[in-house]
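[1] Here is my input; please provide its structure:
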Amino acid sequence: MKVAVFSAKRYDRALLTEANLHHGHALTFQEAMLGPETVVLAAGYPAVSVFVNDRVDAGVLAALARGGTRLVATRSTGFNQIDLEAAREQGIRVVRVTDYSPYSVAEFAVGLLLTLNRRIHRAYERTRGGNFELDGLMGFDLHGRTVGVIGTGKIGKVFAGIMRGFGCTVLGHDVYPDPGFEALGGRYVPVEQLMRESDVVSLHCPLTPETRHIINADSLSLVKPGLILVNTSRGGLVDTNAAIGALKNGLLGGLAIDVYEQEADLFFRDLSSDIITDDVIQRLVSFPNVLLTGHQAFFTREAIGTICATTLDSISAFERGEPLVNEIRAPD
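    Coordinates of the predicted model:
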């Protein structure tokens, strides 16, 4: 089957090409993101593969349908970039990657937490310049602290288990409580209580209308001064301006984020020689207690391998007319 692969980086090309040896699809790689200006590149392709920052809205889906596309395969677990209702109206089916290494994201979240708390990034820069002083590098023991986990699916449970290994009390909040979280020693509480009692909060929930800006001025007003907030899920979970306000008044003692609400125009590209006009992200990186990375938490060999294999398996199943086990649909 002919497949147009958008947002294809060098590693996507290499690993998808390797995985495709078992499938034999005709893959055409486009480094450009899918959107209104680039959708013409998908004309004549029965399937397209997209990533987290591609724009798959009603207009793009209508253009895809006119060009003969009948399947959209996102190389991600999240699918908030896709208008599922519009896809249904256009007769386009949508598949995702429901499961890849949860350890990749959970371990990265722990890495962000440790780096920010113990100022490892600042120490690294200091010692490279010959400065071996310790002033300004003091953190706190995680042992005995309370860690809140919002979203206790596969990634959230792995993160919670690691935090339990550090000797932390773990609180959780999820609209679908999981006995596995409680088996790890976690305890479910209302989100307001979680925000009040936690020393660290880590976000591991999908972005939905209900979770958008779950971290906002009201929720941040509840926290103990000095809270560390970690987000490796989706940028829209955090009201960035509210977070900046909480950093300024000391309610947030640190912010570690691998995702950003307006990341689509920034992430996955080299802008080191460009003027970045996003004043909000420029403000964020100006804080010494903010650690920002470019959506790399998922980026391990194991995770990318599973993402590529699952995506191509779904495309092959579609081509053969088999059930799509990873299909997502708009609610009825």
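
[2] nearest residue to Asn326 other than its sequence neighbours?
    Nearest in space to Asn326, with sequence neighbours left out and distances taken as C-beta to C-beta, 6 or more residues apart in numbering, is Val95 at 4.6 Å. C-beta here means a position set from N, CA and C on the backbone, and glycine is covered the same way.

[3] Pretty sure that neighbour sits against Arg329.
    No - look at Val95 against Arg329 with C-beta atoms under 8 Å: they stay out of range, at 10.4 Å.

[4] so who does the residue nearest to Asn326 touch?
    Residues counted as contacts of Val95 (C-beta atoms under 8 Å, 6 or more residues apart in numbering) are 71-74, 311, 314-315, 318, 324, 326-328.

[5] Relative to Tyr260, how far out is it?
    Between Val95 and Tyr260 the distance, using C-beta to C-beta, to the nearest Å, works out to 26 Å.

[6] now swap in Val52 and tell me
    Distance of Val52 to Tyr260, given as C-beta to C-beta: 12 Å.

[7] Just want the most central residue of the chain.
    Ser233 (3.5 Å; C-alpha atoms, centre = their mean).

[8] For that residue, which non-adjacent residue is closest in space?
    Closest residue to Ser233 apart from its sequence neighbours, by C-beta to C-beta, 6+ apart: Leu203 at 4.8 Å.

[9] One more: His121?
    Leaving out its chain neighbours, the residue that sits closest to His121 by C-beta to C-beta, 6+ apart is Thr115, at 5.4 Å.

[10] Assumed the one you found was part of a helix.
    Yes - under DSSP: H, G, I helix; E, B strand; the rest coil, Thr115 sits within a helix.

[11] Could I get the pLDDT score of it?
    With respect to pLDDT, Thr115 has a value of 98.

[12] Equivalent analysis for Asp99, please.
    The confidence metric pLDDT takes the value 84 at Asp99.

[13] Break this protein into its domains for me.
    The chain is divided into the following domains under the TED database: 2-100+300-328, 102-292.

[14] What lies in contact with stretch 120-133?
    Around stretch 120-133, the neighbours that count as contacts under C-beta under 8 Å, 6+ apart are 114-115, 136-137, 288, 291.

[15] give me that answer again for 6 Å
    115, 137 (C-beta atoms under 6 Å, 6 or more residues apart in numbering).

[16] now do stretch 233-244
    Residues beyond stretch 233-244 that count as contacts (C-beta under 6 Å, 6+ apart) turn out to be 203-204, 207, 211-217, 220, 231, 255, 259-261, 263, 280, 283.

[17] Now the buried members of these.
    203-204, 207, 211, 213-216, 220, 231, 255, 259-261, 263 (16 or more other C-beta atoms under 10 Å).

[18] which among those residues gets closest to Pro177?
    When the buried ones among the contacts of stretch 233-244 are compared for distance to Pro177, the smallest value, 14.1 Å, is given by His204; criterion: C-beta to C-beta.

[19] Pull up the gap between the closest one and Val285, please.
    Summarising the geometry, the distance separating His204 from Val285, computed by C-beta to C-beta, is 24 Å.
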